[in-house]
Structure formats: structure tokens, C-alpha cells
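Enquirer: generate coordinates for the sequence data below:
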Amino acid sequence: MPNPFKPSFGVSPPLLVGRDDLLDEFAEALEDGPGSAARATIYTGARGSGKTVMLNAVEDRAREQGWVVISETASPGFVDRIVRQHLPGLLRDFDPGAVRRRLTGITGPLGAGGATWSAVEAHLADAGLRNQAALLTDLLAENGAGLLITLDEIHRNQIGELRELATTVQHAFREERELAFVGAGLALAVSDVVNDEVLTFLRRAERHHLGSVGREDVARAIREPVEANGRQLADDVLAEMVEGTRGYPFLIQLVGARVWRRHPSAPEVSMDDARLGVTDALRRLGSLVHEPALADASDIDKSFLLAMARDDGPSKMADIQRRLDVDVNYASQYRLRLIAAELIEPVRRGYVDFALPYLREYLRSHAAAEM
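Expert: Numbering: from 1, shown residues only. Here you go, the predicted structure:
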């Protein structure tokens, strides 16, 4: 039987849970018209928290309401791809005659009435991002629709292109066009971008941090796909799987997939399969999440994390400072660095804990292996 779970980054799960309020807020913003705050939204979160999945979901909501969608990733050349591929392709879907007529006011005469679409496309490229977006939103408004632009993996490396896109979105908002923007990225990367002097507009965007999912939602995200595919889950077996995920969105899919694949033809998921599947998923979590998350950490960052890993729960900053033999200011500096990198989080005054599930166990096992 096919495995219903999708343990791949950016792939939508069979059932998205714990995010309904955020999706409803975005859908309402489209209905409320220009000026709604949620028409500019940014999702942040640690690796595996479901940022790209949220972009997929808001794109689906927009399409359900008749909007068209441009979906991009903030890799080099993304503005050029929007200008030369996405926008011309969408405009091609409308009446070329209407596009030609409107283009004459942007790029000058197109020539005789029999202009081919290739000639129109050439003029579109010259029109640039802002004018193309204006042209498309004008046409969409005539049909009661709008344009959603989503951008994944926001990062300062593409600051020039981000400025161009943000400026276009800002002007569209000022002109009360039917346009919305939703972005996603790691909190540290997003903070670097929105603090740019030119990108002050994005500081006013709605910003939502995607954290863990509640136990009831996790249980539903596991039970419903299993039962929809003809298998059964006893309550105690389900509880074992739910506990293993710790509410981490990516781990919900990884645990589900690893448990399912043990005996996919069995009519019921056994407790043995649940326990072994969770163990297998946690082994995979290290290479899929922990290793990439630690890749940019400095030696001192890792020393700080290893000092935390000696505790079974939240770590007291005074203990970390003592273990590292450093002063308060030095320890505080690295505390802030690791919080910004979403590797740790403050839990109460003077205490921090790991932000990624099972990172403590991962660090302990690797520290022991290197001894």
C-alpha cells in the first residue's frame, strides 16, 4: 500500500494541522481588500517547522479564491525569472489584444495591429517588474481576482533583488492594487533583511513564527492519513508515535513514514512497529536536520551547545558560564547568537533550552563518539 506520509522538505503533508488560524487570517485578508495588514506576511521558524508547506497552503487558499500565484525562491535571478517567465506567462493567458493596448502606454508603440506574441513578450521584458505587475493586476481586477507573490528562503544574499520586489509590492499597496506578498525564511535571515534601510516596508508585514504543534493536532495528522488508507491505530500505539514527534512538523511526517513502511500491508499498526519506526526516524533526524542546522555554527557556538547538553532539561546560564569558564557578557553574546540561529530558546529568566527536538541527544551521542 502507498505510504501516505511525506517526509520531504517543502512537500505538503497529507493533512496540515495546527496552522488553521494563520491560513484563515490570510484568506480573510484577500477578501477584505487592499489595505488589509495580512496581505504582506512573513513566516519564520526553525528547519522543519513547515515554512515552505505554509507557502504551499496560502497559495492553495489564494487559488481557491480565484487569485493567480507566482511562486519563487530567493535564489540568484529570482526577479528576472518573475519578469521574463512568470509574468509574461500569466499575461499570455489573457487577451493578447488587451495586453498590447495597455503596453503602448508603457513601452511605446508596438506597431501594426497584427503584432505577434513574441513581440509583445519582448516589450513586456522592457516594461520591468513594477509595470508588468501593474498591467497584470489591472487585468485581474476586471475579473474580480488578484495576484499573490510568494518567496521562499528569504536571505540577505539577494538583498538587491529583494529591494526591487519589496518596492514593487509597496507601490502596489499604495495604489490599492489586488496584490499580496507572503515570504518565508529562518528568523535570523529574515531579521537581516527587514532591518535593511531600504526594506522598511517589510518591517510592517505580519510576521508569524511557526513553532511546535499541539498533541491533539499531531494525533489527528497521524491517525487520519493512516485510517484513510485502510489501516487502524490503537490509542496506545498512536500515543507512542505522538510522543516521539514532540510536536515537530517534519518529524510528524518522518515518524509516520518510518512506522508505516515496516509492515504496510498489515491491517493494523503494531506497538513494535511504532517503537521501531520512531527509533528509525530519530536516527534519520540527525542527518536531515541536526547536521545542516549545526553546519554554520562556530566552534564556540558548539562548545556552548555541548555545555547545555549536559543538562537533562533547561540550562541555567550561570552553569553554562561556569562550564565554559567565561564571563557573563561573553556567554550572553553567544546566547543571543544561538537564539537568532534558532538553535536554542529562552524558557524563563536565566534559562535556555534547545529549540530543535532531540538536539540534546544528538550532541551527547556525537560528543561520546568523539571521545
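
Enquirer: point out where the stretch 51-200 of the chain drops to low pLDDT.
Expert: For the stretch 51-200 of the chain, the stretches with pLDDT under 70 are 95-126.

Enquirer: which parts of it are helices?
Expert: Assigned by DSSP state H, counting those that start in this stretch, the helices in the stretch 51-200 of the chain fall at 51-64, 78-81, 87-92, 96-107, 117-141, 159-174, 187-194, 200-203.

Enquirer: of those, which approaches Arg284 most closely?
Expert: Nearest of those to Arg284, taken as CB to CB: helix 51-64 at 18.5 Å. Just so you know, the C-beta spots here come from the backbone N, C-alpha and C atoms, and that holds for glycine as well.

Enquirer: which strands and helices sit next to that closest one?
Expert: Counting contacts by 3 or more CB pairs under 8 Å, 6 or more residues apart in numbering; DSSP states H and E, helix 51-64 is packed against helix 20-32, strand 40-44, strand 68-73, strand 147-152, strand 179-185.

Enquirer: now it, how far from the centre of its chain.
Expert: Centroid displacement of helix 51-64 relative to its chain, using CA atoms, centre = their mean, to the nearest Å, is 10 Å.

Enquirer: wait, which of the helices of the stretch 51-200 of the chain is closest to Arg322?
Expert: When those are compared by CB to CB, helix 187-194 sits nearest Arg322, at 27.4 Å.

Enquirer: in the closest one, what's buried?
Expert: Residues of helix 187-194 classed as buried by neighbour count (16 or more other CB atoms under 10 Å): Ala187, Leu188, Ala189, Val190, Asp192, Val193, Val194.

Enquirer: got the angle between that helix and strand 40-44?
Expert: 150 degrees (axes from the mean of the first three to the mean of the last three CA atoms, to 10 degrees).

Enquirer: any idea how far Leu285 is from the nearest residue to Ala274 once chain neighbours are set aside?
Expert: Of all residues not flanking Ala274 in the chain, Glu240 sits nearest, at 4.4 Å (CB to CB, 6 or more residues apart in numbering). Distance of Glu240 to Leu285, computed by CB to CB, to the nearest Å: 17 Å.

Enquirer: higher neighbour count, the two?
Expert: Neighbour count, other CB atoms under 10 Å: between Glu240 and Leu285, Leu285 has more, with 24 against 20.

Enquirer: contacts only, for that one.
Expert: Contact analysis of Leu285 by CB atoms under 8 Å, 6 or more residues apart in numbering lists Leu251, Leu254, Pro357, Tyr358, Tyr362.

Enquirer: element containing the first one, please.
Expert: Just to be clear, that refers to Leu251. Using DSSP states H and E, Leu251 maps to helix 249-260.

Enquirer: so which of the helices of the stretch 51-200 of the chain gets nearest Ala221?
Expert: Among the helices of the stretch 51-200 of the chain, helix 51-64 sits nearest to Ala221 (CB to CB), with 11.6 Å.

Enquirer: can you give me the angle the closest one makes with strand 147-152?
Expert: Computed with the same axes, to 10 degrees, the direction of helix 51-64 lies at 170 degrees from that of strand 147-152.

Enquirer: the residue lying closest to Glu164 once chain neighbours are set aside: what's it in contact with?
Expert: Spatial nearest neighbour of Glu164, excluding adjacent residues (CB to CB, 6+ apart): Val79 at 5.3 Å. Contact analysis of Val79 by CB under 8 Å, 6+ apart lists Leu129, Glu161, Glu164, Leu165.

Enquirer: burial measure for the closest residue to Asp353 other than its chain neighbours, as a count.
Expert: Nearest non-adjacent residue to Asp353, counting by CB to CB, 6+ apart: Pro314, 4.3 Å away. Using other CB under 10 Å, the number of residues around Pro314 comes to 16.

Enquirer: now, the most widely separated pair of the contacts of Leu285?
Expert: Most distant of the contacts of Leu285, by CB to CB, are Leu254 and Tyr362, 14.3 Å apart.

Enquirer: show me which of the two is the more surrounded one.
Expert: Legend: neighbour count by other CB under 10 Å for Leu254 and Tyr362, higher for Leu254 (27 against 23).

Enquirer: could you check how far Arg47 is from His290?
Expert: In terms of CB to CB, Arg47 sits 9 Å off from His290.
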